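1. one predicted model, sequence on top.
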Amino acid sequence: MAKDSKKAKRYARAIFELASENNDFTNWSEKLNLICDSSNNNDFKLILDSSKIPPDAKYKLIEEVFGSNLDKLQLNFLKVLSKNQSFLLIDEISKQFQYELDNQSNFVKVLLTSPYKIDDHMRTKIEDVIKDISGGKPQIEEQIDSTLIGGIVIKIGDTVIDGSIKNKLKQLKRELV
C-alpha cells in the first residue's frame with residue numbers, strides 16, 4: 001500500500017505542476033472531483049485497471065465517459081493511468097492533489113469535534129488560536145459527537161488537542177485506578 005501511496009503522490013505532483021504552469025488549479029481540482037464521482041463504480045475502475053482489456057478499448061471507454069467533460073490533457077492523463085494500471089489510485093491522486101493545493105495556499109485542515117454546534121464567536125476564537133499555532137489559514141470541518149459531554153477536540157494534521165470532558169474523566173479514572 002505504501003508503494004501505491006507513493007505512486008499516487010507522484011501522479012498528483014505531476015498534474016499539480018501541469019496546473020501550476022497554466023494557473024489552472026480550480027479546473028483540475030473540479031475535474032478530479034468529477035472523475036472520482038463518476039468512477040465510484042468499482043467495476044468501472046477494475047476495467048480501466050485491467051491488463052486483460054486492450055488499451056484501445058479502455059481509451060474508447062474513457063472518451064465515451066469523460067470526453068465531453070474533460071480537456072485533451074485531462075483525458076490523456078486518464079489514459080496514462082489506465083495504460084499503467086493505476087486507475088484504482090484516482091481517489092488517492094485527487095486527495096494528494098488537494099493536499100498539494102492546500103499547502104501552496106497555506107491552508108490548514110482542521111477537524112473540530114464538539115458535543116454541540118459551535119457559535120460564530122467561539123469559531124472565530126478557535127480560528128485565531130489555530131492561525132497562531134500553525135501559521136496557516138484554517139479550514140475547519142465541524143463534527144458533532146454527543147458522547148464528548150462537553151469541551152472540544154481539535155485535530156490539526158496528526159496533532160490532537162483533546163479538551164473534552166470525556167477525556168478528562170478518562171484521565172481522572174486512570175489516576176484513581
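-> On my side now, so go ahead.

2. what's the single longest helix in the protein?
-> helix 2-22 (DSSP state H).

3. tell me the helix or strand right after that helix.
-> Toward the C-terminus, helix 2-22 is succeeded by helix 25-38 as the next helix or strand (DSSP states H and E).

4. list of residues touching that next one?
-> 15-16, 18-19, 65-66, 69-70, 74, 78, 90-91, 93-94, 97-98, 101 (Cβ atoms under 8 Å, 6 or more residues apart in numbering). All C-beta atoms are positioned from the backbone trio N, CA, C, and that covers glycine.

5. and stretch 131-141, by the same measure?
-> 102, 105-112, 123, 126-127, 130, 156.

6. buried ones in it?
-> By neighbour count on 16 or more other Cβ atoms under 10 Å, the buried set for stretch 131-141 is S134, G136, P138, I140.

7. enumerate every residue touching the most centrally placed residue in the chain.
-> For the chain, K95 is the residue whose C-alpha lies nearest the centre (Cα atoms, centre = their mean; 3.3 Å). Taking Cβ under 8 Å, 6+ apart, we find K95 in contact with A8, A12.

8. what about I53, which helix or strand?
-> Going by DSSP H and E, I53 is not in any helix or strand.

9. for it, give its distance to N76.
-> 18 Å (Cβ to Cβ, to the nearest Å).

10. re the thing from before, can you pick out the ones from the contacts of stretch 131-141 that are in helices?
-> D102, S105, R123, I126, E127, I130.

11. among those residues, name the buried ones.
-> Buried, going by 16+ other Cβ under 10 Å: I126, E127, I130, out of these.

12. make JSON lines from those and add pLDDT and distance to Y59 to it.
-> Below are these laid out as JSON lines (pLDDT from 0 to 100; distance: Cβ to Cβ, whole Å):
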{"residue": "I126", "pLDDT": "89", "distance to Y59": "49"}
{"residue": "E127", "pLDDT": "91", "distance to Y59": "46"}
{"residue": "I130", "pLDDT": "87", "distance to Y59": "45"}
